[in-house]
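>>> Here is the input, now give the coordinates:
(4 chains)
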Protein chains: 2
Amino acid sequence: MRHLKVYQMIEAVTRAGSIRKAAEDMNITASALNRRIQGFEQEFGSEIFERLPRGMRLNPAGELLLHHIRAQKTDLARVQSQVADLSGVRRGHVTIACSQALLPYFLPRQIALYRRDHPGVTFSVRVRDRVQAEKDLVSFHSDLALVFEPAHMVDFEVLYAIDQPVHAIMSRAHPLAAARTLRLRQCLDYDLVVPGPQYGVRTLLDRAAKRIGRQLEPALETESFEMIRHFAALGQTIGFQIPIGLNPAAHEDVASIPLSESDLPAGQLYLGQLRGRALPVASIRFAQQLTAALDATGG
Amino acid sequence: MRHLKVYQMIEAVTRAGSIRKAAEDMNITASALNRRIQGFEQEFGSEIFERLPRGMRLNPAGELLLHHIRAQKTDLARVQSQVADLSGVRRGHVTIACSQALLPYFLPRQIALYRRDHPGVTFSVRVRDRVQAEKDLVSFHSDLALVFEPAHMVDFEVLYAIDQPVHAIMSRAHPLAAARTLRLRQCLDYDLVVPGPQYGVRTLLDRAAKRIGRQLEPALETESFEMIRHFAALGQTIGFQIPIGLNPAAHEDVASIPLSESDLPAGQLYLGQLRGRALPVASIRFAQQLTAALDATGG
DNA sequence: AAATCCGGTGCATTAATTGCACCGCCGGAG
DNA sequence: CTCCGGCGGTGCAATTAATGCACCGGATTT
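Residues are numbered from 1 along each chain as shown, chains lettered A, B, ... in the order given. From the prediction side, this is the model:
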């Protein structure tokens, strides 16, 4: 889209932080780029960059404009893919930001299922914690977000929500492995492996521990849910995870036991999009499939 | 915005129905315009016009694109006015599509009220029946719509809704003028003056009449609510209107009596916008004021 | 004080856009 | 039927806009 080159230039300058670097990235001279930016600012009626001694940075007006630019770029892409749809084959690309818990079983299965019916549709999965996931929506880097206990919910339009009680996971040989539900204080007697504070499971755990006058003293804190799972399988350590991250069918190498809801109320897994945004067809359809699938696990 | 000239050209061709006429409108030659269109179609990846022997018409892909073009144009305008806001004075323009009933008292008062605080904001009021009002939103010709009993509600995002029972209006000398409420069948004994079938009041009346095994046989059918009001003031004719169209404070020259809700359930007056659209600040603020004002009349 | 990196500008060059003249096509009027 | 008028499309020359190059002045870093 040649007529949108100014927008690309603005994005490039924003990214690079200076006209000269951006010009190099775009394989043009700094002077050409400089004049396009100046020309645009004049047409636009306001400067959009602060001129710093070391380069350029968007001013508030520029931030507003950048948001518009991204919105319009992704919307044009949506129109184009919708047009492609008109002439037969369903094509498209879905970008989804999601929590780690969705990676092992749920999402791969859903994507495969969707692609069986629509082989022309491709996917990007961006692993993000809940804060990053929301930023991803706002910056138009992701169409959908599937996150546990999102943080702010501003600009987050909920498409579906489902309860996810926190489960304790441990070796099948663990003394507590036979229980049907566990109290939090039972778990605190053992070594714990928990996710970092930026994750919803941790927030819920911290809150619950505080309520019974205790404090989490984890033996291992990690960002990797996979490591939590594997570490919990060793010795008598206890890890925590939400059930959607565990294989519902086959037997795991770990036992998974829900924590009592009176200790720790169930968190919620949210499927959402940027408020008010028109999604591409493929994303809408995929979101519908996810909603149906989540609904099935819940009932 | 020079980089959006292609879009203006596409709009011009759509409006004019042929390249040559559009070219004349834009003061360029047909060949230049022709090539820009062709160039765009190539970049876009699909034709957007049908070539007819008598001119050009948008194809389905073009319709999709046109919607995007309008959306992006109005959104850019929103950004610009929002940027203007940053530097002090609140400016802006609000376009609202509304039913006739809002014209005599409610809207002028609200607009005056808003402009007292924000003199920089200007208004366009487009009088539309409920079908046209929704089209106005979709085509980005109006920011807001304030309509009685809208028809489809697709793409219509409700910002506020309030009950409006249908009132019978008549001369103060009319035999029924002293009643507190009226049954529909009482009214049917007199000559009636009613709006055309495209209006919500009429739909409600027709439906209610049918339910008591009667049919409306109006003496006068008109599009003009003003004419209904004035005609009802003469002789023993009965007209119908919703209370928001009547002066709440001063004494009218006509009596206004609500119809019994068991005959004719109250319709609803909706304030709405195009689903998912980001409105300019001024429109948002004005919508908030309207919501508060409607809420006050209802309570 | 020197070196470096920055945004901005004058001027020649290059690329894109436009205007002009003209083609072939099709529907309607004569 | 023919002919006319309006249509979209195209080759080519003229015009206009965008770019590259060389360079300036200013601020920060070394």
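>>> so where's chain A uncertain?
Counting by pLDDT under 70, chain A contains low-confidence residues at A:87-89, A:248-252, A:299.
>>> check contacts around A:Ala101.
With contact set as Cβ atoms under 8 Å, 6 or more residues apart in numbering or on different chains, A:Ala101 has these partners: A:148, A:225, A:241-242, A:244-245. (C-beta placed from N, C-alpha, C; glycine too.)
>>> what separates it from A:Val254, distance-wise?
Using Cβ to Cβ, to the nearest Å, A:Ala101 is found at 14 Å from A:Val254.
>>> Okay, A:Gln38 and A:Thr222: tell me how far apart.
In this view, A:Gln38 and A:Thr222 are 49 Å apart by Cβ to Cβ.
>>> no no, A:Ala151
According to Cβ to Cβ, A:Ala151 and A:Thr222 sit 20 Å apart.
>>> what does A:Ile238 give?
A:Ile238 is 14 Å from A:Thr222, by Cβ to Cβ.
>>> Between these two, which is the more surrounded one?
The neighbour comparison of A:Ile238 against A:Thr222 (other Cβ atoms under 10 Å in any protein chain shown) goes to A:Ile238, with 28 against 15.
>>> So that one sits against A:Ala168, correct?
Yes: counting by Cβ atoms under 8 Å, A:Ile238 does reach A:Ala168; the two are 5.3 Å apart.
>>> Common neighbours of these two, please.
By Cβ under 8 Å, 6+ apart, the residues touching both A:Ile238 and A:Ala168 are A:176, A:187.
>>> Which parts of chain A are strands?
A:49-52, A:55-58, A:92-98, A:121-127, A:144-148, A:156-164, A:167-171, A:192-195, A:220-222, A:238-241, A:254-258, A:267-274 (DSSP state E).
>>> And these: which comes nearest B:Glu43?
strand A:92-98 (19.1 Å; Cβ to Cβ).
>>> other SSEs contacting that closest one?
helix A:60-86, strand A:121-127, helix A:130-138, strand A:144-148, helix A:281-298 (3 or more Cβ pairs under 8 Å, 6 or more residues apart in numbering or on different chains; DSSP states H and E).
>>> what about those, which gets the closest to DNA strand C?
helix A:60-86 (13.2 Å; Cβ to the nearest atom of the strand).
>>> what pairs with the residue in the stretch 101-250 of chain A positioned nearest to chain B across the strands?
Scanning the stretch 101-250 of chain A for the residue nearest chain B gives A:Glu157, at 9.1 Å (criterion: Cβ to the nearest Cβ). Note on A:Glu157: beta-bridge partners A:Gln273, judged by DSSP bridges.
>>> What of the one 4 residues further on?
Each beta-bridge partner of A:Ala161 is listed here, defined by DSSP bridges: A:Tyr270.
>>> Check the burial of it by counting its neighbours.
For A:Ala161, the neighbour count with other Cβ under 10 Å is 15.
>>> Domains in chain A, by residue range?
Using automatic domain parsing, the domain ranges for chain A come out as A:2-66, A:89-163+A:268-298, A:166-265.
>>> quick check, distance from the second one to the centre of its chain.
Domain A:89-163+A:268-298 has its average C-alpha position 8 Å from the chain's average C-alpha position, going by Cα atoms, centre = their mean, to the nearest Å.
>>> So for stretch A:257-268, what gets flagged as buried?
A:257-259, A:263-264, A:266-267 (16 or more other Cβ atoms under 10 Å in any protein chain shown).
>>> can I get these in TSV with distance to DNA strand D?
Shown next, in TSV, are these (distance: Cβ to the nearest atom of the strand, whole Å):
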residue	distance to DNA strand D
A:Ile257	56
A:Pro258	55
A:Leu259	52
A:Asp263	53
A:Leu264	50
A:Ala266	51
A:Gly267	45
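>>> Need the max-distance pair from the residues you listed.
A:Ile257 and A:Gly267, at 16.4 Å, using Cβ to Cβ across the buried residues of stretch A:257-268.
>>> near chain B, which residues of the stretch 1-150 of chain A?
A:1-7, A:40, A:43-46, A:60-61, A:64-65, A:67-68, A:71-72, A:75-76, A:79-80, A:82-84, A:86-87 (Cβ under 8 Å from any Cβ of the partner chain).
>>> picking up where we left off before, name the nearest of the buried residues of stretch A:257-268 relative to A:Val281.
Ranked by distance to A:Val281 (Cβ to Cβ), these are led by A:Gly267 at 31.0 Å.
>>> so how far is B:Leu216 from that closest one?
Note on A:Gly267: its distance to B:Leu216, by Cβ to Cβ, is 57 Å.
>>> most remote residue from chain A's center?
Most distant from the centre of chain A: A:Ser31, at 39.1 Å, with distances by Cα atoms, centre = their mean.
>>> okay, now A:Leu65: neighbour count?
Residues within reach of A:Leu65, counting by other Cβ under 10 Å, total 25.
>>> Just list the residues touching the residue lying closest to A:Gln186 once chain neighbours are set aside, thanks.
In space, and not counting its chain neighbours, A:Gln186 is closest to A:Leu176: 6.2 Å by Cβ to Cβ, 6 or more residues apart in numbering or on different chains. A:Leu176 is in contact with A:168, A:170, A:182, A:186-187, A:190, A:238, A:257, counting by Cβ under 8 Å, 6+ apart.
>>> Out of the residues you listed, name the two that are farthest from one another.
Farthest pair in these, by Cβ to Cβ: A:Tyr190 and A:Ile257, 12.7 Å.
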